[in-house]
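K.L.:
Only the shape, not the letters, is given here:
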């Protein structure tokens, strides 16, 4: 059990007092006139829970802000309670109040008031859910055997005459050198800057500048401008280089294509992107020039376009995908980063009627459309909407504006000489800088109309066809390095003595006030002498073409669900809307006329939209959300805690809006029930899945496959000669997300969470795979990366149950930063740190821990594969992906998604697995890692076989007549990644743009209820 680390004497974080909020909930639950939130239907097989009304009442009252006076100093604030004992007592009081109300509802329905008896009666054998899926319900064809599943080995070596490659990977290697010289370069440049620019100042003033210089470059002051600049360089250089790599990749393709009549469209794209970069980072323009106000919202185009994702809305653009390796030589100041490359090729947008990306985005410029007006009038999202509109306007104008194709002498080549900057500065920017929104709207409509009339779509299709034809050629491209310079420009410096003297810094105030705007002073150029630079670091971008070939080595197997002794209590979340309620009634009474047992949560979505989620700064939002979260979790927990049975809780959510453009209340409820599902999974088994009622029929079967992916599966291998060497394997997946942190220091509390998968070989030789449960706990900075007992407890339990082999999968230790200051070797390993591995292993000598991390990249299908999965496990071949000369990390397994869905999906995903070496001396036996993951051994075959089966067990795409099920490329996305439980847990606190972590908070609620 995890310790309560939130000690009374811990005063480095904001103290939170939820007592007023919790007392408000307690009082409302005790009111005699309260309508009971629990209601049983006539035959008592459905429990309806309406806690929405209570949450709305709480949000409508005057409640003290839990942050107190800490709204300006906190970055995140969740569980650093001012009085932990009072918090526990109040949570227990809420449980008591809910228990009374639930028992009262049972009594009113003629039942005895035993929660245990009711939940036992509500639980249904999951086998009764067996059947063909014909409409929205919990019915699913569990009894179908998925046979004929295959995995085939690939090779990176061409072994055979005229053998055709199957797949192609374009690898991006970014190298930065001489980083250890940065500090001295900057010191010398600042000295030269003083000598050249302050000759006329008095000797006393020049001496003062010398003192300011020494103070500026002092590395002892964490909040100094020099350290701010160094931090910015460390964290942003790689993003700048990745952005440059996207343009360089286009140039690389241009070089390989050679002569072609449609090559002009690629040349224009490259030139326009470079012109846009020059315009946004023009050193002669002040930041205020790029300031625009529209619909009462002010934003800065320079700031928007210095973000890494600035090009992402283009229909055709390279994408950097997958962080596959980092090789660091801190002694030499050399850093190497390995990524994958793929092309975005103006595909269809499923949520927009399958229009192309180009058509989808230019529709945002139609200022008279209903969608545009709704975007402006939505106070919750209008800032994001307005910024998006003007990013599209600038981006699409610069890239696609040109000469009129209907003119007599027009040629595509003439667009190469068209100057989008001059045109934009003359026709667009003067209007955008004014206060007249009507004129701005007219210009936006004009951009859209011009792009449509000037046949941009036709040009895009020609470029798309050219690029596709080229990347699908089977001739191998030559490897090509592109040398570069990273320049820190002198424009970042102040030139007025009085300003420098008053601020105590040589740097412009923007470095302190808005560091992102400082990115304009960091440029990536071709190698050349630049007298306007304060510091220059050499860098290079290399693009390599790697090809994969098929082999005759393959295996087949089958998959079945194992529903033995599985009882389910389904849960549905239903907005109070007529169509949704009809669908809920259909779930309750299936197509065969059978009445289903389930729990239904309901909420008044219209009231939430009109009175709570009015704008993102409304403090009522937090009060509603936190109240709903507490009541929903405790309601389910007190029911499930009343039984000794281990139940399966499938949670099905109905949504009125889709995931691409969701309403804020549905974003919250999706996240909350995902968090609750994770917490329920600690004792029972639970999973959560949402369906948008707009397009449900197309996603129903896939959605149910995902909902049931957590259920036990049994695999039958069809090779009679294969007998695994190990009978049991545990897969432990770990991640974290901060929940309490100040803006002014690095000390924090984080929520650690994860999941455990058990795999074992049965006596009949078949392999059973199942989710053993999840875990979560809150820890301070010192303990989370040294001794997190919630993970240690899981390892100990597994060990006591006979598990000896552990695949320990955690967040990649890759930092994506250039360290301009030397750091400890173990720093940044996160959950792979020596301290944690030592704590996990303890004194158990026969425990084998295999530290593993992963990332994804994409390959082009040169010959579409016909099997479900492909793999490479020869580490000598995989050095073509990443080769670390220091041998600290080794890629040991690549698993490919063999079958893709849809005619326009030109890439297949690949999961690349890596382990760490030469780090755990005296903790782990290196020979164990070599034997299990690197060497060609039976043990490695077993571990990777089981790992592959885990990917298949999480399948989501429902099989059809044309295709079998396919492995899930990323089965860890619930724990690690942008859509993980940790990411979904983060919302705003009550005020002040402070963040709040719902998983961390409900973890404390769970502990209070023990």
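P.N.:
The structure has been received and is ready for your questions. These numbers come from a predicted model, not from an experiment.
K.L.:
In the chain, where's the longest helix?
P.N.:
Longest helix of the chain, by residue count under DSSP state H: helix 225-257.
K.L.:
can you pull the buried residues of that one?
P.N.:
With burial defined by 16 or more other CB atoms under 10 Å, the residues of helix 225-257 counted as buried are 225-230, 232-234, 236-254, 256-257. Bear in mind the C-beta positions are built from the backbone N, C-alpha and C, glycine included.
K.L.:
so where is the stretch 201-350 of the chain shaky, pLDDT-wise?
P.N.:
219-222 (pLDDT under 70).
K.L.:
Going along the chain, name the strands of it.
P.N.:
With DSSP state E, counting those that start in this stretch as the criterion, the stretch 201-350 of the chain has strands at 291-294, 297-300, 316-329, 334-345, 348-349.
K.L.:
Format these as TSV; extra columns: distance to residue 969 and mean neighbour count.
P.N.:
Shown next, in TSV, are the strands of the stretch 201-350 of the chain (distance: least, CB to CB, whole Å; neighbours: other CB atoms under 10 Å):
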stretch	distance to residue 969	mean neighbour count
strand 291-294	40	18
strand 297-300	36	15
strand 316-329	11	21
strand 334-345	13	21
strand 348-349	20	14
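K.L.:
Show me the one of these that comes nearest residue 862.
P.N.:
The minimum distance between residue 862 and the strands of the stretch 201-350 of the chain falls on strand 334-345, with 14.2 Å, by CB to CB.
K.L.:
The closest one to helix 225-257, inter-axis angle?
P.N.:
50 degrees (axes from the mean of the first three to the mean of the last three CA atoms, to 10 degrees).
K.L.:
helices or strands next to strand 334-345 in the packing?
P.N.:
strand 167-176, helix 225-257, strand 316-329, helix 456-471, strand 848-861 (3 or more CB pairs under 8 Å, 6 or more residues apart in numbering; DSSP states H and E).
K.L.:
Sheet partners, orientation included, of the third one?
P.N.:
To tie it back to what came earlier, the one meant is strand 316-329. Strand 316-329 has the following sheet partners, assigned by DSSP bridges: strand 334-345 (antiparallel).
K.L.:
any idea of the angle the partner strand forms with strand 167-176?
P.N.:
Using the same axes, to 10 degrees: strand 334-345 against strand 167-176 is 140 degrees.
K.L.:
At which residues are the strands of the stretch 601-750 of the chain located?
P.N.:
648-655, 685-692, 713-717, 728-742, 748-761.
K.L.:
that older thread, rebuild the strands of the stretch 201-350 of the chain as a markdown table, extending it with distance to residue 137.
P.N.:
Formatted as a markdown table, those follow (distance: least, CB to CB, whole Å):
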| stretch | distance to residue 137 |
| --- | --- |
| strand 291-294 | 46 |
| strand 297-300 | 44 |
| strand 316-329 | 37 |
| strand 334-345 | 37 |
| strand 348-349 | 29 |
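K.L.:
Nearest to residue 475, out of those strands?
P.N.:
strand 334-345 (17.6 Å).
K.L.:
burial count for the residue nearest to residue 867 when sequence neighbours are not counted?
P.N.:
Using CB to CB, 6 or more residues apart in numbering and skipping residues adjacent in sequence, the residue nearest residue 867 is residue 150, 4.1 Å away. Using other CB atoms under 10 Å, residue 150 is surrounded by 18 other residues.
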